[in-house]
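Chemist: Return a 3D structure for these sequence lines:
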Amino acid sequence: MAHRLLNRTSEHRKSMFKNMICSFLKDEQIKTTLPKAKELRPLVEKVITLGQRYQAAESPEQRLHLRRQVIRKVGSADVASKVLTTLAERFSSRPGGYLRILKAGRRYGDNAPMAYVSFSDVGAE
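Modeler: As a prediction, the model looks like this:
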């Protein structure tokens, strides 16, 4: 009972978050509802941590295993290679807290709370 069910079946929820992870890592920012954003944050942070472990791995077997884990969580080999190279290097000195959630008011149609999810270092430079 640790996570929000978001009024979806488990299969739908898993595929929705897999697509959201892929879209977020490709575009580096998405706009979604606040409960979905709060559920997305730990999933993306675990993928970034896998990328950091990939950078630190010595043996090719470990690197291959970590690459396959990232591909399984992301669903796209192109986005996985971006995670393993660009994003892992960008956050190599950071122990966690890679994302930020900024509230963006309410959606017009159903008054749902909206939020922007982006990387913490975006706009800090």
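
Chemist: What about residue 81, how many residues nearby?
Modeler: Residues contacting residue 81 under the criterion other Cβ atoms under 10 Å number 15. C-beta coordinates here come from the backbone N, C-alpha and C atoms, glycine included.

Chemist: Okay, and it sits in which element?
Modeler: Per DSSP states H and E, residue 81 falls inside helix 77-82.

Chemist: contacting residues around that helix?
Modeler: Applying Cβ atoms under 8 Å, 6 or more residues apart in numbering, the contact partners of helix 77-82 are 22, 25, 26, 67, 70, 71, 74.

Chemist: Then stretch 9-23?
Modeler: Here stretch 9-23 makes contact (Cβ under 8 Å, 6+ apart) with 5-6, 8, 30, 32, 36, 39-40, 43-44, 47, 73-76, 79.

Chemist: Can you list the buried residues in the least confident helix or strand in the chain by mean pLDDT?
Modeler: One helix or strand of the chain scores below all others by mean pLDDT, DSSP states H and E: helix 88-90, with a mean of 93. Across helix 88-90, burial judged by 16 or more other Cβ atoms under 10 Å covers residue 88.

Chemist: now do stretch 46-58
Modeler: Residues of stretch 46-58 classed as buried: 47, 48, 50, 51, 52, 53, 54 (neighbour count, 16+ other Cβ under 10 Å).
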